[in-house]
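J.: 3D, please:
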Amino acid sequence: MKKVLRKIILSDKPHEGKNDTNVIQKRISNLKSIWHNEHQDDVGLEKVLRLFLAGSQFAFPGIYIKQLGGFRGLQLQELAIDFYILTKIFFPFCLLYFNMELNPIVVYILTWLLLETILYISTLVFASDLFDQPRSYRRSMLL
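T.: Numbering: from 1, shown residues only. Just a heads-up that it's a prediction; the model follows:
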C-alpha cells in the first residue's frame, strides 16, 4: 500500500533532479526584461501595468514557497505549491465552519490570498511572454 501511495504522489520516474533555477532571481530578471522591453515593445500604461503585475508577486507567499520547495528538487517544489493551493482553497471553508468570517484579521488574510490569485492570473495574461512553458498546464493557472 505504501508503494502505491508513493507512486501516486511522487510517480515512478524522478524529475530532472535538483531545481537549478532560482525562482526569485528569475522574477527579478522578468522585471528587468519588462523594463528594457526585451520581449515586447510596450510603453506608457501598458508597461506600468506589466511592471506592477510582475513586481506584485514579491508581496505574496507563493513565490517564496516555490523557492523553498525547489531546494530539495522539482518533486518537492511541485508538492509544496500543490499543498499551498489546496490550503488557499480550503481556507474559506474552514473560516465558515469555525464561524470566523467576522474576524478582521482572518478576513484580511483571506483577501490577501485572493488578491494573490487574481494578480497571478492577470500576470499570466498580460506578461505571458516572460514565463517558461509549464510542465503541466493544470498547475500554471492555480498559483
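J.: What mean pLDDT does stretch 116-127 get?
T.: Taken as a whole, stretch 116-127 has a mean pLDDT of 89.
J.: now do stretch 68-87
T.: According to the model, stretch 68-87 has a mean pLDDT of 88.
J.: With stretch 93-101 instead?
T.: Mean per-residue pLDDT for stretch 93-101: 93.
J.: Show me what that stretch is in contact with.
T.: 106-107, 110 (C-beta atoms under 8 Å, 6 or more residues apart in numbering). The C-beta positions use only the backbone N, C-alpha and C, and glycine is treated the same way.
J.: try 10 Å this time
T.: With C-beta atoms under 10 Å, 6 or more residues apart in numbering as the test, stretch 93-101 has contacts from 87, 90, 92, 102-103, 106-107, 109-110.
J.: Kindly give a single ChimeraX line that selects the buried subset of these.
T.: To isolate the buried ones among the contacts of stretch 93-101 in ChimeraX, judged by 16 or more other C-beta atoms under 10 Å, type:
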select :106,110
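J.: Could you tell me which of the contacts of stretch 93-101 are located in helices?
T.: If you go by DSSP state H, the contacts of stretch 93-101 have 87, 90, 92, 106-107, 109-110 in helices.
J.: For stretch 27-40, output the C-alpha coordinates as CSV.
T.: Listed next in CSV are the C-alpha coordinates belonging to stretch 27-40 (Å, rounded to 0.1, in the frame of the first residue of the first chain):
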residue,chain,number,x,y,z
ARG,A,27,11.3,37.0,-11.3
ILE,A,28,13.8,39.8,-10.9
SER,A,29,15.1,39.0,-14.3
ASN,A,30,11.5,39.2,-15.6
LEU,A,31,11.1,42.7,-14.1
LYS,A,32,14.3,43.8,-15.9
SER,A,33,13.1,42.3,-19.2
ILE,A,34,9.9,44.4,-18.9
TRP,A,35,11.9,47.5,-18.0
HIS,A,36,14.3,47.1,-21.0
ASN,A,37,11.5,46.0,-23.5
GLU,A,38,13.3,42.8,-24.3
HIS,A,39,10.3,40.7,-25.1
GLN,A,40,7.6,43.2,-26.1
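J.: List the buried residues for that stretch?
T.: So for stretch 27-40, counting by 16+ other C-beta under 10 Å, buried means 27, 30-31, 33-34.
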